[in-house]
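Asker: Pasting the sequence and the predicted model now:
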Amino acid sequence: MKVVLGSGAQHLKEEIRKKIQNYGKELLEVEIKKFPDGEKYVRVLGEGNRAIVVQSTHFPQDEHIIELLLLGDALKERGFEKLIAVVPYLAYSRQDRVTKDGEPISVRAVMKAMGIYYDELYVFDLHNPKTLEFFPGKAVNLSPARAIADYFKDKLGEGIVLAPDKGALERAKSVAEILNVEFSHFEKKRISPTEVQMTPVDIDVTGKNVLIVDDIISTGGTMIRAANILRRMGAKRIYVAATHGVFAGGAIEKVSKAVDELAVTNTIPTPVSKISVVEDILMI
């Protein structure tokens, strides 16, 4: 199996290059550049029958999506018969419904376009896993729970894993079960148009280390609010982990000041992308 890395996965290249032989795979080099007018150019520099294309579609999202399609077309032209797309972070995944007349379901449009070239699709911690039904072939939502648990197991000790809301409870449960520690979630109650009350459900955090786990951190407001509540309740050390660090408007600095450590996976390259999902990718 050949592995092709798009521009959106170049931050993973060094680690993949070190580990790829352990998984019976081989890197396939490609040439990627831009024409003077800004259009993308790709060229596959090798042959084969099956290939995994790794392309995270973080900023610039549209450019990375187009490149993923061009790589699929180039590989088909080169004679590859089976193509697997591994998209660690899938852009447009939060645009999964029509809220105003005339809008698209954007994640459906993206998945259908990928389905023109790719037989299988693997993503990490998709915002709404049901949207995988839009992809015409086999589609799998991978969990980073093992990677997050491995990173925090020594730091957390016999602590607690919390989800920022009930909807994220399964994610916290997955990490907690690997670590064999307690887990719960925050309950949110709106008490005014601008104020939301958050309370951990049925768990005592006094004197304990706490790890809050979520899928995406954007502004970081929820994590900061949760951390401040846990401090007042007597938590010992507070850690925050997420799969995708989108980080808008200085969120890294704001969240880092509020907690003992912030760490996200490397589905998106950021200064705090300390948790690697490379081995999960190479196991596909």
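Answerer: That came in fine, so what should we check first? All values reported here derive from a predicted model rather than from experimental measurement.
Asker: quick check, distance from the lowest-mean-pLDDT helix or strand in the chain to the centre of its chain.
Answerer: Ranked by mean pLDDT, DSSP states H and E, the weakest helix or strand in the chain is strand 195-200, scoring a mean of 80. Relative to the centre of its chain, strand 195-200 is centred 26 Å away, using CA atoms, centre = their mean, to the nearest Å.
Asker: average pLDDT across the next helix or strand after that strand?
Answerer: Where DSSP states H and E defines the elements, the next helix or strand beyond strand 195-200 is strand 210-217. For strand 210-217, mean pLDDT is 96.
Asker: Buried ones in the following helix or strand past strand 210-217, by neighbour count?
Answerer: Next along the chain after strand 210-217, taking DSSP H and E as the criterion, comes helix 221-232. By neighbour count on 16 or more other CB atoms under 10 Å, the buried set for helix 221-232 is T222, M223, I224, R225, A226, A227, I229, L230. Any C-beta I mention is one placed from the backbone N, CA and C, and that applies to glycine too.
Asker: In contact with the fifth one: list those residues for me.
Answerer: Taking CB atoms under 8 Å, 6 or more residues apart in numbering as the contact definition, A226 lies against L162, P164, F186, M198, I212.
Asker: Let's see that with 6 Å instead.
Answerer: Residues near A226 by CB atoms under 6 Å, 6 or more residues apart in numbering: P164, F186, M198, I212.
Asker: same check, this time on the last one
Answerer: With contact taken as CB under 6 Å, 6+ apart, L230 is in contact with V205, V210, I238.
Asker: Adding distance to K274, write the contacts of A226 out as CSV.
Answerer: Formatted as CSV, the contacts of A226 follow (distance: CB to CB, whole Å):
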residue, distance to K274
P164, 20
F186, 24
M198, 26
I212, 16
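Asker: Switch the contacts of L230 over to JSON lines; also include neighbour count and distance to E133.
Answerer: As requested, these are exported to JSON lines (neighbours: other CB atoms under 10 Å; distance: CB to CB, whole Å):
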{"residue": "V205", "neighbour count": "21", "distance to E133": "38"}
{"residue": "V210", "neighbour count": "27", "distance to E133": "35"}
{"residue": "I238", "neighbour count": "24", "distance to E133": "37"}
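Asker: from the residues you listed, which single one is nearest E15?
Answerer: I238 (28.3 Å; CB to CB).
Asker: Show me the beta-bridge partners of that closest one.
Answerer: Beta-bridge pairing for I238 (DSSP bridges): V210.
Asker: same question, K188
Answerer: M198.
Asker: Going forward, the N-terminal residue is numbered 19.
Answerer: New numbering, starting at 19: the last item is K206.
Asker: Quick check: it vs V264, distance?
Answerer: 21 Å (CB to CB, to the nearest Å).
Asker: next one: V219
Answerer: 27 Å.
Asker: Tell me which of the two has more neighbours.
Answerer: V264 (19 against 12; other CB atoms under 10 Å).
Asker: residues contacting I178?
Answerer: By CB under 6 Å, 6+ apart, the neighbours of I178 are E200, K226, V228.
Asker: Any chance of the contacts of L248 in TSV with distance to Y110 as columns?
Answerer: Compiled in TSV, these are given as follows (distance: CB to CB, whole Å):
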residue	distance to Y110
V223	36
V228	32
I256	32
